[in-house]
Structures are given as structure tokens and as C-alpha cells.
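*Asks:* Whatever this is, show me its structure:
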Amino acid sequence: MRALVIDGFGGPEQLRVAEVPTPTPGEGEVLVEVAYAGMNPADWKCREGWLAPFFDYRFPFVLGFDLAGTVAEVGPGVTEVAVGDRVAGYTKQGMGEWGSYAQYAVVLSSGLEVLPDHVPLHEAAALPTAGIAAWEGVFGSGQVAEGSAVLVHGASGGVGGYAVQIARNAGARVAATCRADNADYVRGLGAELVIDYRTGSVADAVRSWAPEGIDLVVDAVGQGTLLSAVDMVRPGGRIAPIATLVPDEVPHDAAAAESRGVRVVPTMTTYDRSGTQLRDLVALLADGAITSPEVEIVGLDAAADAHRRIADGHVRGKVVLALDAVG
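*Replies:* I've put the predicted structure just below:
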């Protein structure tokens, strides 16, 4: 099969197209013919070796956590999906196995969800990692309920875009930060208040919007870009930082948070929860309760440039890789 691989750690130039053996599904596994692979910040971090403490890479290594496509083969014991089903899901890359930047990928059956015919595959490919992170931030770490006041920091990206919509769908009021040129886009996702974090005081704008304080900050940016978060949250509220894996990450002030009765709850999911979260997300997408963030489709020869732009941190929405296309 054709795949986009790396032969060692390094920059985007490490990505190359290669012919590699097509994997075979084992017990509880499914072989998916990949139409689109979702691209995430975790992909370029994986390419540079940031995930080496968690698993052993086997080079050549195929990147890619997210996919959408068609079931090509099912392994023993699989009953959840059948050959020919349109599916979206997440790969076993987090376990050190090959990912989705390939014509075929082996996936745990528990990591797949069948898609209704009206859900486009490229939109579904954008959903798993970013959507699950947003879900975990809003509900798992954030404990959002109807009437909650929520700030999503970094709302124009994949995680932030889903978080705005998930929180709104739960009945929360949502404020959001982004650059000025993304303001209309973020309002379109459902944000009631949009703040340009580069030119104004986020804290002042939030205090005017919610004078008694907000219930939750979903921080989809991190790296010390919202040091005022603790001051904006009411006593009893929460801050949900989305994990960045950045070695020198600047954390939210835990001591200040404790003194105000604010909880800082790091946002991480597990394979045990991810399947249920993906199922709920696909249901919302299928029902139109949420929409995919803006999706840019790139071909194999544009993957390296996409990695560079994602690493810069200013991609609006999501980028997905079309496995049958160049350009």
C-alpha cells in the first residue's frame, strides 16, 4: 500500500511517500481503507519524537491518529462493523502502531463509529482527536451544565471550534478568544462573545460579560497565553487545560487557583472513554447539533507544508489529508 512515512525523527522534510506492506487485522481489529486522515498538532510532535517516552517507534513509521473511510476487512470477534461500512475513528498510533497516513490502517473496533450516509468523510476525519479532546474539556474536566458560562481560549482551531459548539449544545453561554480575522468564523460556531486576545484585555472583556465570574475556561492553547484565567473563574469553577506535550509548558497558577477555590483539571482522555465519546460526537454531527470546523483538504505532496502550518499554531479549523490525491 502507499503511505506517508518517516524514517527517523526530524522536521517536515522527513515525510516521504513509500510502498509498505498492507497490515492485517487481528482479534478485535478492523482494516479500514482510508479516504481521509485527520491532521493534528500531535502528528508533528510525533514526527519530531515527542512521543518516544510513551512507545517505541518502528521505522519506517506511519503517522496519523484520525481517519475516515470504508471497512475493508474485519478481524476475528468483530461484530460492531461490517465490510463496506463508512466509518470514522482513531488509530493505534498512541500504542506505537502505524497510523492513518496510508491507504489502509488497522484500528480497534472499539475506536470506530459507523457514519450515516449524509456525513461527508472529510468532515468525519476531522472529528476524532479534536472532538474527543473538546468533549473531555467541556464535560470530563469542565463538568459543564445548562446555564454555565464558559470561555474557550483558542476557539478558531480544531479543539476550540468543537468546544464552542459542544458547550453551546449543552446549554452553556460561550465566550471565545481568537484573532480578529477569525472573529466572524467563531461567532458562526456559536460564541456569544468573541475577544481578540492580541489587542485587548481578555480578563476585562470576560468580567463585563460575566461579572460574577465564569464557570469554566477550556484552554486549547496553553503555553502561558492566558495567565489571567484564574482571576476570571468564580469560586467553585474550573480550568481545563488541553494537553500540549510541550516540555516547558507554563502551567496555570495552582496556588492562586486553590486560594480562590478554583480547580485546574488537566484534560486527557483514555481508550476506555474515547469510544463512547466518539459515538456521542458522531451522533451530534449527524443530527446537525454540531458542524465540522472549517476543513482544508490537502494531498500527499502538501503534507509537509501542512505540518509546518499546524506547528505554527494558526490554522483555522482542521486540515485533512486525502490519501488518493496530490496537491
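*Asks:* which element is the residue nearest to G213 when sequence neighbours are not counted on?
*Replies:* Leaving aside its chain neighbours, G213 sits nearest to R234 (2.9 Å; criterion: Cβ to Cβ, 6 or more residues apart in numbering). Every C-beta, even on glycine, is put in place using the N, C-alpha and C of the backbone. According to DSSP states H and E, R234 maps onto strand 233-241.
*Asks:* Show me which positions of that strand end up buried.
*Replies:* Neighbour counts using 16 or more other Cβ atoms under 10 Å place V233, R234, G237, R238, I239, A240, P241 of strand 233-241 among the buried residues.
*Asks:* wouldn't the residue nearest to G213 be in contact with E212 here?
*Replies:* Yes: using Cβ atoms under 8 Å, R234 is in contact with E212, at 5.9 Å.
*Asks:* Which neighbours do the two have in common?
*Replies:* The contact sets of R234 and E212 do not overlap (Cβ atoms under 8 Å, 6 or more residues apart in numbering).
*Asks:* can you pull the contacts of the spatially most central residue of the chain?
*Replies:* Nearest to the mean C-alpha position of the chain, counting by Cα atoms, centre = their mean, stands A130 at 1.4 Å. Residues in contact with A130 (Cβ under 8 Å, 6+ apart) are G38, N40, G157, G158, V159, G161, Y162, P293, K318.
*Asks:* Which ones among those lie within strands?
*Replies:* If you go by DSSP state E, those have G38, K318 in strands.
*Asks:* Narrow the contacts of A130 to those in helices?
*Replies:* The helices, defined by DSSP state H, take in G158, V159, G161, Y162 from the contacts of A130.
*Asks:* So the first one versus A125, what's the distance?
*Replies:* Per Cβ to Cβ, to the nearest Å, G158 is found 11 Å from A125.
*Asks:* Likewise for V206?
*Replies:* Distance from V206 to A125, by Cβ to Cβ: 34 Å.
*Asks:* Give me the angle between the one helix or strand the residue nearest to the centre of the chain maps to and strand 233-241.
*Replies:* A130 is located in helix 128-135, with elements delineated by DSSP H and E. Put simply, helix 128-135 runs at 160 degrees to strand 233-241, going by axes from the mean of the first three to the mean of the last three Cα atoms, to 10 degrees.
*Asks:* What's the first helix or strand after helix 128-135?
*Replies:* Downstream of helix 128-135, the next assigned helix or strand under DSSP H and E is strand 149-153.
*Asks:* So what are the sheet partners of that following strand and their directions?
*Replies:* strand 173-178 (parallel), strand 214-219 (parallel) (DSSP bridges).
*Asks:* burial count for the closest residue in space to E80 that isn't next to it in sequence?
*Replies:* Excluding its sequence neighbours, the residue lying closest to E80 (Cβ to Cβ, 6+ apart) is S109, at 4.9 Å. Counted with other Cβ atoms under 10 Å, residues neighbouring S109 total 21.
*Asks:* for D184, same thing?
*Replies:* That count, for D184 with other Cβ under 10 Å as the rule, works out to 10.
*Asks:* hang on, it is in a helix, isn't it?
*Replies:* Yes: counting by DSSP: H, G, I helix; E, B strand; the rest coil, one finds D184 located in a helix.
*Asks:* before we move on, the earlier item: mind putting the contacts of A130 into TSV with pLDDT, distance to E136 and neighbour count?
*Replies:* Shown next, in TSV, are the contacts of A130 (pLDDT from 0 to 100; distance: Cβ to Cβ, whole Å; neighbours: other Cβ atoms under 10 Å):
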residue	pLDDT	distance to E136	neighbour count
G38	98	17	29
N40	96	15	23
G157	95	16	26
G158	95	14	31
V159	96	10	29
G161	97	15	35
Y162	98	11	33
P293	90	17	27
K318	97	17	29
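*Asks:* Return the closest of the contacts of A130 with respect to Y104.
*Replies:* Of all these, G38 has the smallest distance to Y104: 16.1 Å, by Cβ to Cβ.
*Asks:* Run through the residues that contact the closest residue to the closest one other than its chain neighbours.
*Replies:* Distance criterion Cβ to Cβ, 6+ apart; nearest residue to G38, sequence neighbours excluded, is D66 at 3.0 Å. By Cβ under 8 Å, 6+ apart, the residues touching D66 are 37-40, 88-91, 100, 125-129.
*Asks:* Kindly present the residues you listed as JSON lines, with separate columns for distance to R179.
*Replies:* JSON lines is the format used below for those (distance: Cβ to Cβ, whole Å):
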{"residue": "A37", "distance to R179": "27"}
{"residue": "G38", "distance to R179": "23"}
{"residue": "M39", "distance to R179": "20"}
{"residue": "N40", "distance to R179": "20"}
{"residue": "A88", "distance to R179": "29"}
{"residue": "G89", "distance to R179": "32"}
{"residue": "Y90", "distance to R179": "29"}
{"residue": "T91", "distance to R179": "31"}
{"residue": "S100", "distance to R179": "29"}
{"residue": "A125", "distance to R179": "25"}
{"residue": "A126", "distance to R179": "20"}
{"residue": "L127", "distance to R179": "24"}
{"residue": "P128", "distance to R179": "26"}
{"residue": "T129", "distance to R179": "23"}
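*Asks:* Give the closest residue to I290 in space, chain neighbours not counted.
*Replies:* Per Cβ to Cβ, 6+ apart, closest to I290 is Q165, 4.2 Å.
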